[in-house]
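**Student:** Whatever this is, show me its structure:
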Amino acid sequence: MQGYVPGQDGAFGESRRCFGELEDWLASEDAAGLQHGELEEQLDVRGRELLRQLFQDRLDLTAAREERQHDVAGQDGVVRTRAEKGRTRPLVTRFGEVTVSRIAYRSAGRANVHLLDAALNLPEEKHSHGLRKLAAVESARGSIEAAGAAVVRATGVRIGKRQLEELARRAAAHVEAFYLQRVISPAPDAWPLVLTFDGKGIVMLPDALRPATAKAAASAENKLATRLSPGEKNGRKRMAELACVYDAAPVPRTPGDVISTPAQKRRKKKAQAGEPEGKGKPREPQARGKWLTASVTDDIPAVIAAAFDEAVRRDPQHKREWAVLIDGNNTQIEAVTAEAESRGVPVTIVIDFIHVLEYLWKAAWSFFDKGEPASEEWVADQARKVLRGKSAQVAAGIRRRATTYGYSPAERAGADECARYLDNKKDYLGYATALAKGWPIATGIIEGAARWLVKDRMDITGARWGLEGAEAILKLRALIASGDFDAYWRFHLRREHERIHHARYRDGLILAA
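**Tutor:** Down below sits the predicted model:
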């Protein structure tokens, strides 16, 4: 590579001319009369053109210095015997459109080979990787329409809706491969390895529904022509399955640390008033190194298997204790159990304690009037018993109370439902052990992820999703939520280079600088 001398061969002459025009304008009376906001807007537009010209001049200089190579072969192994300079292609960048000029290596009846395309890692489409990245981030953040508007504001470049959707899909192409090669910092063996799962519905286009859902949607008939009746739905949903794996810094707790009524809190606060700072309620277990994924194309067993793959990467020798937090979904429980058995790894399934609390409140409304203060004390008392490992006694006590007071079937419905739930899920209510070991007992992390990943983006009013588009947005949002997007993007660009360019040239070919 030759050393650069300013002004040599007219390099960057257009950029200097553009800068001179910008400098002259800034020194003019027109610019002097502008308020700072107006000046800022003008510089944004004019400065973008300067950057575009700098980009173009750099590409032109690269093209001028490109040296002809010999024995250049394509993917087919056939040597291209002719070289033609000045073959151009457009590239739309964050600053505007530029033209890439390079040598085309040609042979009759064969596709041209452009070595400079590989050196510059040019994309297949006309939009640059910088625009693809911006489109991916903005498409993951809000609607495609909003993403297009954000791209225009940031760059002045207008991209069609379908092109934006395609850019987002391409941006998410290597997420699974990225996580397979990621180096994971090991956590202490004493820390539990937590796997947690949840599901969230996404309103899909008719041809993107699963067969049973599509059949139900096709046969559904609304009772009224102008509005939906109670219980009727305007769109059919396909479930997206979410999974999260993380290391948990353990914090042992007692049932009283988890559940206390307002009166108990006041008494505890008064008792602790004279204690040294830092001896209050223990913190909850802290999540470290979260890995998050979501899929609307894969079913529950497939997503759970992917989470187990991630867990194995973190603990290949199964030295740590694995805790699985779920909301009680039987399909998830069956899939987790089957996956654990197939891999020969012991897991402890724990149902989200918040779900248990909701059932206890259903029982409370069988025994108390709505809003009655005593209900709060009663629920807190039963909850602490469940946390101590006495769910069977709680279920029996609820049934006994309903029978003793002679409640009717309708009056005791909530109580009976709670008792059935506690009995049916008793194998997954091992809170006493979980608290003693310092494990989390709530699924707040995955439920928060479900709200952010799915509801806040996929549930925009009027949105109807196709499979590929929904899957790409879920993957991108999961990357962003995990804090891995920037590292992924570097990996994505390397993989794009391998996919588009490496396979096109004979092994061992030295690319032009």
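**Student:** where does the stretch 201-350 of the chain have low pLDDT?
**Tutor:** 210-235, 261-282 (pLDDT under 70).
**Student:** where exactly do the strands run in it?
**Tutor:** Along the stretch 201-350 of the chain, counting by DSSP state E, counting those that start in this stretch, strands occupy 237-249, 286-295, 322-326, 347-351.
**Student:** Run through the neighbouring helices and strands of the second one.
**Tutor:** Under the contact criterion of 3 or more CB pairs under 8 Å, 6 or more residues apart in numbering; DSSP states H and E, strand 286-295 touches strand 237-249, helix 300-314, helix 444-450, helix 467-482. Yep, even glycine has a C-beta here, placed from its N, CA and C like the rest.
**Student:** Give me the distance from the third one to the chain's centre.
**Tutor:** Mean C-alpha position of helix 444-450 versus that of the full chain (CA atoms, centre = their mean, to the nearest Å) differs by 12 Å.
**Student:** Please point out which parts of that helix sit buried.
**Tutor:** By 16 or more other CB atoms under 10 Å, the buried positions in helix 444-450 come out as 445-447, 449-450.
**Student:** which of the residues you listed lies closest to residue 137?
**Tutor:** Nearest to residue 137 among the buried residues of helix 444-450: residue 449, at 18.2 Å, using CB to CB.
**Student:** What distance do you get for the closest one to residue 138?
**Tutor:** Counting by CB to CB, to the nearest Å, the separation of residue 449 from residue 138 is 20 Å.
**Student:** What of residue 70?
**Tutor:** 45 Å.
**Student:** okay, these two: which has more neighbours?
**Tutor:** residue 138 (22 against 9; other CB atoms under 10 Å).
**Student:** The helix or strand where the more buried one lies packs against which elements?
**Tutor:** Assigned by DSSP states H and E, residue 138 belongs to helix 129-141. Helix 129-141 is packed against strand 82-93, helix 144-155, helix 161-171, helix 467-482, helix 485-500, with contacts defined by 3+ CB pairs under 8 Å, 6+ apart.
**Student:** run the last query once more with 10 Å
**Tutor:** strand 82-93, helix 144-155, helix 161-171, helix 456-458, helix 467-482, helix 485-500 (3 or more CB pairs under 10 Å, 6 or more residues apart in numbering; DSSP states H and E).
**Student:** Residue 105 in helix, strand or coil?
**Tutor:** Secondary structure, DSSP: H, G, I helix; E, B strand; the rest coil: residue 105 is strand.
**Student:** Same check on residue 460?
**Tutor:** Once three-state DSSP is applied, residue 460 turns out coil.
**Student:** For it, give its distance to residue 203.
**Tutor:** Residue 460 sits 10 Å away from residue 203, going by CB to CB.
**Student:** Of these two, which one has the most company?
**Tutor:** Neighbour count, other CB under 10 Å: between residue 460 and residue 203, residue 203 has more, with 20 against 14.
**Student:** among the helices and strands packed on helix 129-141, which is nearest residue 425?
**Tutor:** With CB to CB as the criterion, residue 425 lies closest to helix 467-482 of these, at 28.6 Å.
**Student:** Export the closest one to CSV, keeping only CA atoms.
**Tutor:** Extracted in CSV, the C-alpha atoms of helix 467-482 (Å, rounded to 0.1, in the frame of the first residue of the first chain):
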residue,chain,number,x,y,z
LEU,A,467,-43.3,-16.3,10.9
GLU,A,468,-40.0,-15.1,9.6
GLY,A,469,-40.5,-11.5,10.6
ALA,A,470,-41.7,-12.4,14.1
GLU,A,471,-38.8,-14.8,14.7
ALA,A,472,-36.2,-12.2,13.6
ILE,A,473,-37.6,-9.5,15.9
LEU,A,474,-37.8,-11.9,18.8
LYS,A,475,-34.1,-12.9,18.3
LEU,A,476,-33.0,-9.3,18.0
ARG,A,477,-34.9,-8.1,21.1
ALA,A,478,-33.5,-11.1,23.1
LEU,A,479,-29.9,-10.1,22.0
ILE,A,480,-30.5,-6.5,23.1
ALA,A,481,-32.1,-7.6,26.4
SER,A,482,-29.2,-9.8,27.2
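**Student:** now it, how far from the chain's geometric center?
**Tutor:** The answer for helix 467-482 is 5 Å, by CA atoms, centre = their mean.
**Student:** Endpoint to endpoint, stretch 325-334 covers what distance?
**Tutor:** Using CA to CA, to the nearest Å, the end-to-end distance of stretch 325-334 comes out at 13 Å.
**Student:** make that stretch 314-322, sorry
**Tutor:** Terminal residues of stretch 314-322 are spaced 11 Å apart (CA to CA).
**Student:** which residue sits closest to residue 204 in space, ignoring its chain neighbours?
**Tutor:** residue 238 (4.6 Å; CB to CB, 6 or more residues apart in numbering).
**Student:** looking at the sheet around that neighbour, what are its partners?
**Tutor:** Note on residue 238: beta-bridge partners residue 202, judged by DSSP bridges.
**Student:** from what I can see it touches residue 201, true?
**Tutor:** Yes. Between residue 238 and residue 201 there is a contact under CB atoms under 10 Å: 7.0 Å.
**Student:** do you know which of the helices and strands packed on strand 286-295 lies nearest residue 150?
**Tutor:** helix 467-482 (14.6 Å).
**Student:** quick one, what contacts residue 12?
**Tutor:** Contacts for residue 12 (CB atoms under 10 Å, 6 or more residues apart in numbering) come out as 4, 6, 18-19, 53-54, 56-58, 60-61.
**Student:** And it, how close does it get to residue 60?
**Tutor:** 9 Å.
**Student:** which residues do those two both contact?
**Tutor:** Residues touching both residue 12 and residue 60 (CB under 10 Å, 6+ apart): none.
**Student:** which residues of this protein score low on pLDDT?
**Tutor:** Along the chain, segments meeting pLDDT under 70 span 1-9, 210-235, 261-282, 503-513.
**Student:** Swap in 50 and give it another go.
**Tutor:** Across the chain, the ranges flagged by pLDDT under 50 are 1, 277-278, 506-513.
**Student:** taking the contacts of residue 12 one by one, which sit in helices?
**Tutor:** When DSSP state H is applied, these are split such that 18-19, 53-54, 56-58, 60-61 fall in helices.
**Student:** and of those, the nearest to residue 188?
**Tutor:** residue 58 (49.4 Å).
**Student:** Not counting residues beside it along the chain, what's closest to that closest one?
**Tutor:** Per CB to CB, 6+ apart, closest to residue 58 is residue 12, 7.9 Å.
**Student:** Tell me the spacing between the one you found and residue 85.
**Tutor:** Where residue 85 is concerned, residue 12 sits at a distance of 20 Å (CB to CB).
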